[in-house]
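Colleague: here are the coordinates; sequence isn't available:
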């Protein structure tokens, strides 16, 4: 029996809803799935009412019958805990389970994800449901894994129910112990916000000003993450009592306001996500490349996922046009794009790909969220392409278990991610640099990783990267600075951007010289700073023979100690002042850059730091193609992905084996529109 992340092949799966279709279709659906190479089916994510149509009355006939049929056909099943959408009887009889808007209006029944994580009543009913399902199917031989809930924090990552306020107070009491400590941390003396009783503290509420206390908001986001982790743990603990040894526990979706590393570390065997390159992002396939590379943002999400869960899968890979009846519709995947997106996922490390969905829904909100098959249930070009994908996946079995190979890393941490959700100044810098570094890496064919600093990050996690960018860490801690110092002393190159180190962990700005905890380490003092205003001309920086745009924000530096000025501003009132300083530390160097890493600046940094296009001696390819590399043992696998709606020419400079054909290849090769190739070296 095929099991995820075991066996030689990368399994293909599909999302299926047996409760939506006449039972007469089931056997034919399973047969056609198998013919395309599908071996895994996810079921039951929205089936609470199927199990418990009325309170306390459980029936399992439908899924008993389907699992028996699936087992007979040799299919593997991922069971869901069905907690994502409470049934009508629960929503109406127990309104305390419902989430609310910031102004207190409850989100009512009729959609999904309208519950709150902290309702004791909801947790009780969810616990009972999960126990019933797990005790029924935990030992079923067809079941290989379990998905908890679905798309946590999708639709909303804000929770304002009474249960949330009660839980928020408990969270704060545990963190601060006293109101005096909370008042100090939140700076409540400003605007007369001082609390004298815990009952005065609420989750964010509607105010006359759209700017509530930012320190409260930062702790609130941390609280939301805590709530998600606790909710998942509730279900994980129950599942572990009933499921077979070797069966996995996962969840699906990677959304905001969650410490994903903690979620996986404490509760899951691995993460799976959704990937809708054409259902979520705006494509521009009629030109060589969209300026913002929106058509490749799935690659960016996959890079994030690698840091969170080195082993991972795609639970919902796009198979058709996306959109609800309230959305602006997206187009159907063009011929080749289903394959492109599947290989894109595998190129970035996925060892399982499951498609959404088998057949397009013919009722409900998702009638325009297409699957492999259309309403008529006839064979179509997407089904034919899925069959071809099934063939390609079989020959890619050597890739399974290999690791993505990156030339550099971009550091992130949850303090700064959450702070940028609160602070628009911080967010503006962070978004420009994240976009710019990703775009520069893509266009220069320089594979990159995201590297998260968590409480368990070790030096060896950083040392595999010769260069690390830490674009705008407004919040720094002594522990992180100590770890980064060790990295540089042992030979690493670390690059900071503007607005580094000006906040503490509560989001306050201490009365200290910037860049705060890293001033001596970085070898600079920030003497002044400014946004580049809309009335200003573009500010340029000169670094040797390169001149480039400084971005949306500028710090002006004075060097300290042994540091050297490498770059200066070329214009505006601070022309001639230091914009880039390099400080030698041990065997490595710290670069402190006063701007943001827009695409132009990021490309210069990749070139100057000598990490640009590390595989140029093996192959050349146009900007419209992505290069992703996985390595396992003495073998390296080079994935070439053509995101252009036109042919692409690439040049192999050494002989490689084409995994699709098994043949040796060298010289000029042409890729069709949206085509892919995978080469083996070694």
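Modeller: Noted; the coordinates are in hand. Quick caveat: nothing in here was measured; it's all calculated off a predicted structure.

Colleague: report how many residues lie close to the closest residue to residue 641 other than its chain neighbours.
Modeller: What sits nearest to residue 641 in space, not counting adjacent residues and going by Cβ to Cβ, 6 or more residues apart in numbering, is residue 626, at 4.4 Å. C-beta here means a position set from N, CA and C on the backbone, and glycine is covered the same way. A count of neighbours around residue 626, defined by other Cβ atoms under 10 Å, yields 25.

Colleague: quick one: mean pLDDT for the helix or strand containing residue 626?
Modeller: Residue 626 belongs to strand 625-632 when assigned by DSSP states H and E. For strand 625-632, mean pLDDT rounds to 97.

Colleague: output the contacting helices and strands for it.
Modeller: Contacts defined by 3 or more Cβ pairs under 8 Å, 6 or more residues apart in numbering; DSSP states H and E place strand 625-632 against helix 337-347, strand 403-404, strand 635-642.

Colleague: so how far is it off the chain centroid?
Modeller: Chain-centre distance of strand 625-632: 19 Å, with Cα atoms, centre = their mean, to the nearest Å.

Colleague: touching that strand from outside, list them.
Modeller: For strand 625-632, the external contacting residues (Cβ atoms under 8 Å, 6 or more residues apart in numbering) are 296, 299, 344, 347-349, 398-399, 401-405, 442, 445, 447, 615, 619, 621, 636-644, 648, 650, 671.

Colleague: list the contacts of stretch 654-668.
Modeller: Against stretch 654-668 from outside (Cβ under 8 Å, 6+ apart): 392, 395-396, 398-399, 617-619, 637-638, 649-653, 677-681.

Colleague: er, stretch 303-315 actually
Modeller: Stretch 303-315 is contacted from outside by 4-5, 13, 15, 42, 78, 147, 250, 252-254, 260-261, 264, 268, 270-275, 345, 348-354, 356, 403-404, 412, 438, 448-452, using Cβ under 8 Å, 6+ apart.

Colleague: and if we set it to 7 Å?
Modeller: 4-5, 42, 147, 252, 254, 260-261, 264, 270-275, 345, 348-354, 404, 448-452 (Cβ atoms under 7 Å, 6 or more residues apart in numbering).

Colleague: which of the residues you listed fall within strands?
Modeller: Among the contacts of stretch 303-315, DSSP state E puts 42, 147, 271-275, 350-354, 404, 448-452 in strands.

Colleague: buried stuff in the longest helix along the chain?
Modeller: When the chain is parsed with DSSP state H, its longest helix is helix 214-242. The neighbour-count check on helix 214-242 (16 or more other Cβ atoms under 10 Å) flags 214-232, 234-236, 238-239, 242 as buried.

Colleague: got any ranges where this structure has weak pLDDT?
Modeller: The model of the chain has pLDDT under 70 over residues 1-5, 279-291, 328.

Colleague: same thing but at 50, please
Modeller: 1-3, 280-289 (pLDDT under 50).

Colleague: buried ones in the lengthiest strand in it?
Modeller: In the chain, with assignment by DSSP E, the single longest strand is strand 648-658. Buried residues in strand 648-658, counted by 16+ other Cβ under 10 Å: 648, 650, 652, 656-658.

Colleague: the inter-axis angle of that strand versus strand 625-632?
Modeller: If you take axes from the mean of the first three to the mean of the last three Cα atoms, to 10 degrees, strand 648-658 sits at 20 degrees to strand 625-632.

Colleague: and the next element down the chain from strand 648-658?
Modeller: strand 664-671.

Colleague: direction included, what does that next one pair against?
Modeller: strand 648-658 (antiparallel) (DSSP bridges).

Colleague: once you drop chain neighbours, what's closest to residue 253?
Modeller: The shortest distance from residue 253 to any non-neighbouring residue, by Cβ to Cβ, 6+ apart, is to residue 151 (3.5 Å).

Colleague: I misspoke; the intended subject was residue 172.
Modeller: residue 182 (5.9 Å).

Colleague: what residues of the helix or strand harbouring that neighbour count as buried?
Modeller: In the assignment (DSSP H and E), residue 182 maps to helix 179-186. Buried residues in helix 179-186, counted by 16+ other Cβ under 10 Å: 179, 182-183, 185-186.

Colleague: and stretch 514-524, by the same measure?
Modeller: Buried residues in stretch 514-524, defined by neighbour count with 16+ other Cβ under 10 Å: 514-519, 521-524.
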